[in-house]
Each structure stands twice: as structure tokens, then as C-alpha cells.
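Engineer: Predicted model, plus sequence, below.
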Amino acid sequence: SSAKFKKSARTVGDVLGKYHPHGDSACYEAMVLMAQPFSYRYPLIDGQGNWGAPDDPKSFAAMR
């Protein structure tokens, strides 16, 4: 697709504003799991950047 990547903070902010008005860390970690090719059978998000490694899945980059 020719669409540009969106910042994760924008996506998390939209989700918090519309659906989940609690903490942003749970929302961001769920998005990270959906982008990691080793967490689910098929990645649900086409991520760009550091989404962690198979030996340390919690080593993903901070939300920006």
C-alpha cells in the first residue's frame, strides 16, 4: 500500500480517546504484540522500527 506509516502515539491516543480511557501502556503493548512476527501466527500490524526481538520480546522501543 502507498499509505504512510502513522506514529504509534497517534494510534494509541485515538484508541484511548474512543475506546479505552485508562493507561496507555497496556494499549501500546497490545499493539506491539500485534506487530511482532514471532508473537502471533500472523502479524496483524505492519510495523516500522524496533518492535522487539524473539529472545527478548519486551525490548521494543518507547512509544513516540
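Structural biologist: Structure's in. What do you need? Numbering: from 1, shown residues only.

Engineer: switch to C-alpha atoms for all contacts and neighbour counts from now on
Structural biologist: Will do.

Engineer: What lies in contact with stretch 25-45?
Structural biologist: 8, 12, 15-16, 46-47, 51-52, 54, 60, 63 (Cα atoms under 8 Å, 6 or more residues apart in numbering).

Engineer: Taking these, tell me the two that lie furthest apart.
Structural biologist: Spatial extent of these (Cα to Cα) is set by the pair 16 and 54 at 27.9 Å.

Engineer: which one of those two has more residues nearby?
Structural biologist: In this view residue 16 and residue 54 are compared by other Cα atoms under 10 Å, and residue 16 has more residues nearby, 15 against 12.

Engineer: and the more buried one, how far is that from residue 58?
Structural biologist: 21 Å (Cα to Cα, to the nearest Å).

Engineer: And the helices in this protein?
Structural biologist: Ranges of helices in the chain, per DSSP state H, are 8-18, 24-35.

Engineer: How far off centre is the shortest one?
Structural biologist: The reference is to helix 8-18. Here helix 8-18 is found 11 Å from its chain centre; the criterion is Cα atoms, centre = their mean, to the nearest Å.

Engineer: what comes up buried for that helix?
Structural biologist: Within helix 8-18, the residues that qualify as buried are 8, 12-13, counting by 16 or more other Cα atoms under 10 Å.

Engineer: Only the buried residues of the helix or strand bottoming out on mean pLDDT in the chain, if you could.
Structural biologist: Counting by mean pLDDT, DSSP states H and E, the weakest-scoring helix or strand in the chain turns out to be helix 24-35, with a mean of 87. Across helix 24-35, burial judged by 16+ other Cα under 10 Å covers 27-28, 31-35.
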